[in-house]
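> Take a look and give me a structure for this.
(2 chains)
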Protein chains: 2
Amino acid sequence: CNYSSTYICFHFVNAFPLILLDLLPAKNGEEATMQFLLELVDILTNYVRKSFDRSTKVLDFHHPHQLLEGMEGFNLELSDQPESLEQILVDCRDTLKYGVRTGHPRFFNQLSTGLDIIGLAGEWLTSTANTNMFTYEIAPVFVLMEQLTLKKMREIIGWPSGEGDGIFSPGGAISNMYSVMIARYKYFPEVKTKGMSAAPRLVLFTSEHSHYSIKKAGAALGFGSENVVLLSTDERGRVIPADLEAKILDVKQKGYHPLFVNATAGSTVYGAFDPINEIADICEKYNMWLHVDGAWGGGLLMSRKHRHKFSGVERANSVTWNPHKMMGVPLQCSAILVREKGILAGCNSMCAGYLFQPDKQYDVSYDTGDKAIQCGRHVDIFKFWLMWKAKGTIGFEQHIDKCLDLSQYLYDKIRNREGYEMVFDGVPQHTNVCFWYIPPSLRGMEHNSKEYREKLHKVAPNIKAMMMESGTTMVGYQPQGQKVNFFRMVISNPAALQSDIDFLIDEIERLGRDL
Amino acid sequence: CNYSSTYICFHFVNAFPLILLDLLPAKNGEEATMQFLLELVDILTNYVRKSFDRSTKVLDFHHPHQLLEGMEGFNLELSDQPESLEQILVDCRDTLKYGVRTGHPRFFNQLSTGLDIIGLAGEWLTSTANTNMFTYEIAPVFVLMEQLTLKKMREIIGWPSGEGDGIFSPGGAISNMYSVMIARYKYFPEVKTKGMSAAPRLVLFTSEHSHYSIKKAGAALGFGSENVVLLSTDERGRVIPADLEAKILDVKQKGYHPLFVNATAGSTVYGAFDPINEIADICEKYNMWLHVDGAWGGGLLMSRKHRHKFSGVERANSVTWNPHKMMGVPLQCSAILVREKGILAGCNSMCAGYLFQPDKQYDVSYDTGDKAIQCGRHVDIFKFWLMWKAKGTIGFEQHIDKCLDLSQYLYDKIRNREGYEMVFDGVPQHTNVCFWYIPPSLRGMEHNSKEYREKLHKVAPNIKAMMMESGTTMVGYQPQGQKVNFFRMVISNPAALQSDIDFLIDEIERLGRDL
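Numbering: from 1, shown residues only, chains lettered A, B, ... in the order given. Next comes the predicted model:
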């Protein structure tokens, strides 16, 4: 009984062995159901508590074949016959045991990190309500929350009175896909009915540093990935506007139609912000759709100190913004926001009368299903709405500012430190700090030699592998263009402190010094 | 203190007012965090308990403007300043209060109904783990569970050794979209890079009774909705194979390319199963992709008694199957299953080195990100895996058989009952029972008269509106083709009993008798 002394006892007065058929909807199943759910909650709250404890490992790594063979009785195979509920609870414990603690203060591996307690509460409630966003009829409160929250986000973007359109989608890649679809519908609405052959050859433009989802959307939606033109960037990973204009002219000269520019606000690796105003000028000049992919950077819009990096965003036609990244909302929570009202429905509606009846007793303009490419749609709004209520706009701002301060702390700490080399110069625009750790054995070598590059390329993967084996912390690495593997540190974890940054650096040096 | 006498007391020994900044990751935040989460769990478990209680209303209906104006202090607006945690808990209570109890034994409104306690536990754990399916690195257990479960589903479909491909997607519409994308990639792989202009005019075929997501996919992916040819059906809503072949020949004669046929296994309104074997013969003859949309019907594959309705499914190239519908898994849980191994990656991969590093220490073939059209992907597998563990295959079978028995009970009850008319004759193939209720005032009228049809068209919406106002039960209605509005009863709710079917009929008659 873990917490009895302080506040709660999980031992049951009338404990009895749990049987599936005793649970609701069984007659008189309330007691067994409560017992089962509370035993589960005991497992979960223990997990939460330990995830925030720095003496807990971030992960207990095992290879796929090890987990598949069955770890200490943890059997992943499914069978015809049921397991006991006791075993189900053991399975739950094991699932958490062999997973990765993404809420751990030293988990820095992804753009989405941390475990917000209010967000978690929101998710628990969402799954208990277990409904679907497609109609007001079965999700009245959630539909209204989505509408109000989207309006608030549009106000923050700077569109007059927060007017416009938008929807929560299952992630940034789908949100970006929406933007391409809407742009096509705006300029060539007949493609919806006649297909791509009704339009000239359409070309999309995006940074070589941008997220691959723009290219994926180009492939999926029938443009072809070759018609996604990659733009050159400066040394900080920001699009060079002159390169955009030159490439637009080149495309036009070939007789193709430049349709769409994606400006990234917070690139995946460098955290770079493309110059939106200069790109918007070019989009206006050539009558093109401007999308801003703020999946990662979006949170900075909440910060009075950092939102200037989005300067010009109000000129965009659409914006992707993932609260599940920088704002710490649990996965999944991504919004596509659009300046023109009603265009999502125009683009996507099929008016399926059997699903969206016009003759209901309420105002059916609140039904959202027909403007989505989905039919059923998960309730992603509630956890975000609840966090906003609990923190206020200022709470998100404080979180953003703190993470950017921490990233500056890391940058200041390592930029002149022996054994480190920065991938690009200058204070990071976002929390991305990109660097090489150079083990002592490489420090004297000629940096341009093939041998040095080959050896350095292996350093980050080697350190990362040892890090995962020891389970102490996690950070990402990748190559970029001609640059060999380097660490990309990102900070979105609300649990992280300066001491965790120090720990990461110590750990990299401990694991890497003998490479 | 709701349950203290029996098993647990939620009052805290050291109760103190909750403050957001006391919660984890705050130093010594464990106690406040536990208190907050347990108070939330108290709200949630109460909600669950009441949802199964037939004396509770299914919903407490309010119009959008009423909720937007603020019901008894329930304020949906977001603000700059935080709310107290006490208020957050009140907001949670209110959110549930003004929502719809989709787990209530008398909620029949959607294909997804019911609240499975094991599934709910699975969702609570999933949100506590808060990770992402794109790499084994951060979701080792969930990635393996997905792989094993997809294999099991492919075995049940009947593909040799369960070999093939597949992924869980954010719903049946996206799963169906995948099928169209893969079909196009299989026959015209160059479209991925060059766009639709690299292929002849491609045509998709699907039943006029099929889900609108096929048409949506056609519009989104650049085929154009006019290139989605709708197939005629028999009086039960099943595709007529001869009509398919005639339309293929017509398309070929026009010089277009017939690419893809969708056979629906369990249509949305009638619950119809298209004759898969006959359609497969035609697909083989014309070298076309055969997709089976079993989003709604898929669960019947688990039933030895009913899986014959899927006869021929093993000949399909791809299958959509939504465990979140007939199998009672919480939303969202939808799989796209593909017979050809590796084709999802071929179709969708962009090989973003910065996200999917090939030089990790584990077998990176377990990373799933690059075969999806998403980047981040919610963990939809765990709740399903856990339910399968707890019920066994036989538990799902029992649930399916029971729901179909209940639908036969309803059918037998009303088919000769005064005041009812069936939309089509014969025992339903799925749990869909489609019928008109004819109020006494209409019973003597000429059925073919315009006046009768106009009046009858309003009966179901009127009854439904009164049903929602009184909050006693919920069932769907819609028109179909030339048929005026009728009720579509579907049974997927594990809590439903014969007495609930009786209640529904009584309620329709009570509310409708004076219309």
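> Now do the contacts for the residue of the stretch 201-350 of chain A found nearest chain B.
Nearest residue of the stretch 201-350 of chain A to chain B: A:G222, at 2.2 Å (Cβ to the nearest Cβ). Just so you know, the C-beta spots here come from the backbone N, C-alpha and C atoms, and that holds for glycine as well. A:G222 makes contact with A:195-196, B:191, B:195-196, B:221-223, according to Cβ atoms under 8 Å, 6 or more residues apart in numbering or on different chains.
> Am I right that it sits in a strand?
No - with DSSP: H, G, I helix; E, B strand; the rest coil as the criterion, A:G222 is coil rather than part of a strand.
> any chance you could map the helices in chain A?
A:30-51, A:64-69, A:85-97, A:117-129, A:140-157, A:172-187, A:191-194, A:213-220, A:241-253, A:276-286, A:343-348, A:381-414, A:450-470, A:498-512 (DSSP state H).
> Check which helices and strands the fifth one sits against.
Put plainly, it is helix A:140-157. Helices and strands touching helix A:140-157, as assessed by 3 or more Cβ pairs under 8 Å, 6 or more residues apart in numbering or on different chains; DSSP states H and E, comprise strand A:165-169, strand A:334-338, helix A:381-414, helix B:64-69, helix B:85-97.
> Can you say which of these is packed in most?
strand A:334-338 (a mean of 27; mean count of other Cβ atoms under 10 Å in any protein chain shown).
> Distance from that one to the middle of the chain?
Taking Cα atoms, centre = their mean, to the nearest Å, the mean C-alpha location of strand A:334-338 is offset from the chain mean by 13 Å.
> what's around A:C351, how many residues?
10 (other Cβ atoms under 10 Å in any protein chain shown).
> Next, give phi and psi for it.
The phi/psi pair for A:C351 (degrees, to the nearest 10) reads phi 50, psi 50.
> and it, what is it in contact with?
A:D370.
> first to last residue in stretch A:266-277, what's the distance?
Using Cα to Cα, to the nearest Å, the end-to-end distance of stretch A:266-277 comes out at 15 Å.
> residues of it that come out buried?
Neighbour-count burial for stretch A:266-277, counted by 16 or more other Cβ atoms under 10 Å in any protein chain shown, picks out A:266-276.
> Nearest to B:N130, out of the helices and strands packed on helix A:140-157?
Proximity to B:N130 (Cβ to Cβ) singles out helix A:381-414 among these, at 10.3 Å.
> Chain neighbours aside, what residue packs nearest to A:E314?
A:G158 (3.3 Å; Cβ to Cβ, 6 or more residues apart in numbering or on different chains).
> Which pLDDT value belongs to the one you found?
On pLDDT, A:G158 comes in at 98.
> what are the phi and psi angles of it?
Taking degrees, to the nearest 10 as the convention, A:G158 sits at phi 110, psi 20.
> Look up how far A:M302 lies from it.
13 Å (Cβ to Cβ, to the nearest Å).
> and for those two, which residues touch both?
By Cβ under 8 Å, 6+ apart, no residue touches both A:G158 and A:M302.
> So which of these two has more stuff around it?
Neighbours were counted for A:G158 and for A:M302 using other Cβ under 10 Å; A:M302 has more, 24 against 15.
> so what's the more buried one up against?
When contacts are counted by Cβ under 8 Å, 6+ apart, A:M302 touches A:156, A:327, A:393, A:396-397, A:400.
> ok, for the residue nearest to the spatial centre of chain A, nearest residue in space, not its chain neighbours?
Nearest to the geometric centre of chain A sits A:K325, at 4.2 Å (Cα atoms, centre = their mean). Using Cβ to Cβ, 6+ apart and skipping residues adjacent in sequence, the residue nearest A:K325 is A:L111, 4.5 Å away.
> what's the neighbour count on that neighbour?
A:L111: 24 neighbours (other Cβ under 10 Å).
> The closest residue to chain B within the stretch 51-200 of chain A and B:I381: what is the separation?
When you check the stretch 51-200 of chain A against chain B by Cβ to the nearest Cβ, the closest residue turns out to be A:G195, at 3.0 Å. Distance, A:G195 to B:I381, by Cβ to Cβ: 35 Å.
> and if you look at A:E340?
For A:E340, the distance to B:I381 - Cβ to Cβ - is 37 Å.
> Export the contacts of A:M302 as CSV, with columns for distance to A:T56.
As requested, these are exported to CSV (distance: Cβ to Cβ, whole Å):
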residue, distance to A:T56
A:I156, 36
A:M327, 25
A:T393, 33
A:F396, 27
A:E397, 30
A:I400, 27
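> from the residues you listed, which is closest to A:D116?
A:M327 (8.8 Å).
> What's the local residue count around the closest one?
Count around A:M327 with other Cβ under 10 Å applied: 28.
> How about it: what's its closest non-neighbour residue?
A:G299 (4.5 Å).
> Can you report how many residues lie near the one you found?
28.
> hang on, it packs against A:M326?
Yes - the pair A:G299 / A:M326 is scored as a contact, 3.0 Å apart, by Cβ atoms under 8 Å.
> who touches both of the two?
Shared contacts of A:G299 and A:M326 (Cβ under 8 Å, 6+ apart): A:400, A:492.
> what does the stretch 251-400 of chain A have sitting close to chain B?
A:268-269, A:324, A:330-332, A:348, A:350, A:352-355, A:357, A:359-363, A:366, A:372-379, A:382, A:385-386, A:388-395 (Cβ under 8 Å from any Cβ of the partner chain).
> could you redo the last one with a cut-off of 7 Å?
A:268-269, A:330-332, A:348, A:350, A:352-354, A:357, A:359-363, A:366, A:373-378, A:382, A:386, A:388-395 (Cβ under 7 Å from any Cβ of the partner chain).
> before we move on, back to that, who are the neighbours in contact with the residue of the stretch 51-200 of chain A closest to chain B?
Counting by Cβ atoms under 7 Å, 6 or more residues apart in numbering or on different chains, A:G195 makes contact with B:196, B:222-224, B:227.
> Just among those residues, which is most surrounded?
That'd be B:G222 among the contacts of A:G195, by other Cβ under 10 Å, with 30 neighbours.
> Disregarding residues adjacent in the polypeptide, which is nearest to it?
A:G222 (2.2 Å).
> Redo the contacts of A:G195 as TSV? Include pLDDT.
Formatted as TSV, the contacts of A:G195 follow (pLDDT from 0 to 100):
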residue	pLDDT
B:M196	98
B:G222	98
B:F223	98
B:G224	98
B:N227	98
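> pLDDT score for the residue nearest to A:M327?
98.
> What of A:A495?
On the pLDDT scale, A:A495 gets 97.
> Hmm, A:G114 and it touching each other?
Yes - counting by Cβ atoms under 7 Å, A:A495 touches A:G114, with 5.9 Å between them.
> Which neighbours do those two have in common?
A:G103.
> more neighbours, the two?
Using other Cβ under 10 Å, the more surrounded residue of A:A495 and A:G114 is A:G114, with 26 against 22.
> I'd say that one and A:I491 touch.
No - with contact defined as Cβ under 7 Å, A:G114 does not count as touching A:I491 (9.8 Å).
> circling back to that earlier point, so how far is A:S210 from the residue nearest to B:G222?
Counting by Cβ to Cβ - A:G222 and A:S210 are separated by 20 Å.
> Could you do A:V490 as well?
For A:V490, the distance to A:S210 - Cβ to Cβ - is 17 Å.
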